[in-house]
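Trainee: What follows is a predicted protein model with its sequence.
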Amino acid sequence: MDCCGTPPPPTPCCDPRQQGQPRPATSALPISPRFAHMVEHALAHARAAKAQGRPVVGILCEYTPREVILAAGGVPVCLCGGSAATIPAAEEELPANLCPLIKSTYGYELTGGNPFLELLDLVVAETTCDGKKKMYELMAERRPVHVLELPQKPDQPEAVTHWRAEVAKLAQLLRERFRVPLDDAALRGAIRTMERERDLRRRLAGLMEADAPPLSGRQLLDLKSLASGIPCDLAEYERLLAELPGKPGRRGVRVLLTGVPMPHGAERVLDLIEGSGGLVVAQENCTGVKPLQLRIDADAPDPLAAIADAYLHLPCAVMTKNSARLDLLRELAKRFRAECVIDLAWHACTTYEVESALVRRCCENDLHLPYLRLSTDYGSGDSARIQVRVEALFEQVAAR
Ligand code: SF4
Ligand code: SF4
């Protein structure tokens with residue numbers, strides 16, 4: 001079956017709904033038949049590409065320029081783990097006091113529970129947070145991993161020069177490894193594909209501007225695939241953009257969610273917010289609109305440099321300073337008329353945990369919005385406590 005065919009039954013090993021994680025509220029019900037089977041479609045797409053001799057490349061962060069992989073004929077697949085079930089295996093090697101996203105990802109590697117792993121020709125990673133970059137060394141003992149060295153002061157001219165060189169090295173590695181030309185024409189084609197995908201997803205996210213949006217934050221999050229540039233996904237986005245504006249709307253306390261990404265399977269906090277009367281109108285994180293801010297000119301004189309320059313300016317907490325994140329929060333709060341901000345950090349995520357002090361000040365002193373910081377992991381033991389804190393935040397909003 002190709003990726004556009006009738007959905008097969010869910011793949012138990014990577015579908016969180018098969019792992020005892022309930023989907024609690026109607027706000028979490030799938031809005032797209034196709035994306036209800038996203039994992040299966042992405043897997044079918046990757047398998048079909050592999051059968052045609054195309055490489056499958058694992059990625060673990062939004063700094064990895066998908067365009068370069070697509071231009072090499074490859075399929076970029078996100079490997080970020082969102083399952084608590086793989087964490088005990090990871091803790092045999094990794095410290096328990098480590099971000100669950102890193103442990104879950106590595107746990108998949110150890111248990112072989114992710115069917116994409118057996119398709120991989122290469123993993124492209126980058127030096128972001130300490131936990132991730134050290135985990136990559138362990139992953140590299142088991143499969144080929146190429147690590148991009150990401151500069152951490154993105155506004156410095158030297159950072160731009162360095163990152164362009166790193167992205168150029170990646171392109172050269174892909175050319176040699178997969179024996180493909182990866183020329184400017186291929187890069188321009190890949191930029192157009194990703195620009196179309198980002199544009200469609202930006203427009204879907206824009207539906208949340210309405211007083212009563214036709215979908216919930218969870219439903220919007222579910223319209224994201226593990227693999228990029230799948231033609232049938234783009235067609236489904238078009239269909240939803242035509243259909244959704246006429247649908248009955250949803251109301252709730254308008255929440256701007258910021259902080260760490262919520263990989264597939266790790267949506268519990270979003271469900272708790274929306275199950276408590278909230279409506280997450282904007283997700284300023286890497287599974288939300290943050291990477292959708294990238295705009296790359298396919299006709300730029302040097303397309304590889306244009307790709308590198310755009311990606312370097314993603315406002316992630318691994319950067320110093322990361323004032324662009326606060327600028328984005330200000331813009332999103334205004335555009336989506338947020339009534340409060342919830343800042344999520346995974347346990348032991350130093351970068352986002354520390355940066356939350358700046359986010360709090362921005363929300364309280366500048367945006368004048370109630371702010372709640374949540375720190376949690378992939379377990380569900382603190383769900384009741386989170387719910388109580390979210391409800392208290394919503395009472396604060398109601399009292400204003
Ligand atoms: S939050 Fe930062 S480190 Fe994590 S995926 Fe996004 S850009 Fe990468
Ligand atoms: S959530 Fe934080 S600690 Fe975890 S991988 Fe991302 S940046 Fe690193």
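Mentor: Noted; the coordinates are in hand. Ligands and ions are numbered 1, 2, ... in the order given.
Trainee: Need the residues that contact stretch 236-245.
Mentor: For stretch 236-245, contacts defined as C-beta atoms under 8 Å, 6 or more residues apart in numbering pick out 31-32, 34-35, 197, 200-201, 203-204, 207, 214-215, 223. Where C-beta positions appear, they are placed from N, C-alpha and C, glycine not excepted.
Trainee: now with 6 Å?
Mentor: Under the contact criterion C-beta atoms under 6 Å, 6 or more residues apart in numbering, stretch 236-245 has outside partners 32, 34, 200, 203, 207, 214.
Trainee: got it, and stretch 27-34?
Mentor: Here stretch 27-34 makes contact (C-beta under 6 Å, 6+ apart) with 36, 215-216, 218-219, 236, 271, 274.
Trainee: ends of it, how far apart?
Mentor: 17 Å (C-alpha to C-alpha, to the nearest Å).
Trainee: Please spell out which residues along it are buried.
Mentor: Neighbour counts over stretch 27-34 (16 or more other C-beta atoms under 10 Å) mark 27-28, 31-32, 34 as buried.
Trainee: Close to ligand 1: what parts of the stretch 1-150 of the chain are there?
Mentor: Contacts of the stretch 1-150 of the chain with ligand 1, taken as C-beta under 6 Å from any ligand atom, map to 61-63, 128-129.
Trainee: Please apply the same query to the stretch 151-300 of the chain.
Mentor: 261, 286.
Trainee: re earlier: please list only the buried members of the residues of the stretch 1-150 of the chain next to ligand 1.
Mentor: 61-63, 128-129.
Trainee: Take those residues and keep only those in strands.
Mentor: Among these, none falls in strands (DSSP state E).
Trainee: For the residues you listed, give me JSON lines that also has distance to ligand 2 and pLDDT.
Mentor: Below are these laid out as JSON lines (distance: C-beta to the nearest ligand atom, whole Å; pLDDT from 0 to 100):
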{"residue": "Cys61", "distance to ligand 2": "8", "pLDDT": "98"}
{"residue": "Glu62", "distance to ligand 2": "10", "pLDDT": "98"}
{"residue": "Tyr63", "distance to ligand 2": "11", "pLDDT": "98"}
{"residue": "Thr128", "distance to ligand 2": "6", "pLDDT": "98"}
{"residue": "Cys129", "distance to ligand 2": "3", "pLDDT": "97"}
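Trainee: now, which of those sits nearest Leu312?
Mentor: Using C-beta to C-beta, Tyr63 comes nearest to Leu312 of those, at 7.8 Å.
Trainee: these two touch, right, that closest one and Glu126?
Mentor: Yes: using C-beta atoms under 6 Å, Tyr63 makes contact with Glu126 at a distance of 5.1 Å.
Trainee: before we move on, back to that, which of the contacts of stretch 236-245 fall in helices?
Mentor: Taking DSSP state H, the ones among these that sit in helices are 200, 203.
Trainee: Spit out the contact partners of the nearest residue to Asn285 once chain neighbours are set aside.
Mentor: Spatially, and ignoring its direct neighbours in sequence, Asn285 is nearest to Pro261 (5.1 Å; C-beta to C-beta, 6 or more residues apart in numbering). Counting by C-beta under 6 Å, 6+ apart, Pro261 touches 285-287.
Trainee: Relative to Asp297, how far out is the residue nearest the centre of the chain?
Mentor: In the chain, the C-alpha closest to the average C-alpha coordinate belongs to Thr287, at a distance of 2.8 Å (C-alpha atoms, centre = their mean). Look at Thr287 and Asp297: by C-beta to C-beta, to the nearest Å, they are 25 Å apart.
Trainee: same check, this time on Tyr108
Mentor: Relative to Asp297, and taking C-beta to C-beta, Tyr108 is found at 36 Å.
Trainee: Next: Tyr378.
Mentor: 39 Å.
Trainee: Comparing those two, which residue is more hemmed in?
Mentor: Taking other C-beta atoms under 10 Å, Tyr378 and Asp297 do not tie; Tyr378 has more neighbours (24 against 13).
Trainee: Any idea how many residues pack against the spatially closest residue to the more buried one that is not a sequence neighbour?
Mentor: Closest residue to Tyr378 apart from its sequence neighbours, by C-beta to C-beta, 6+ apart: Ala84 at 3.8 Å. Applying other C-beta under 10 Å, we find 22 residues neighbouring Ala84.
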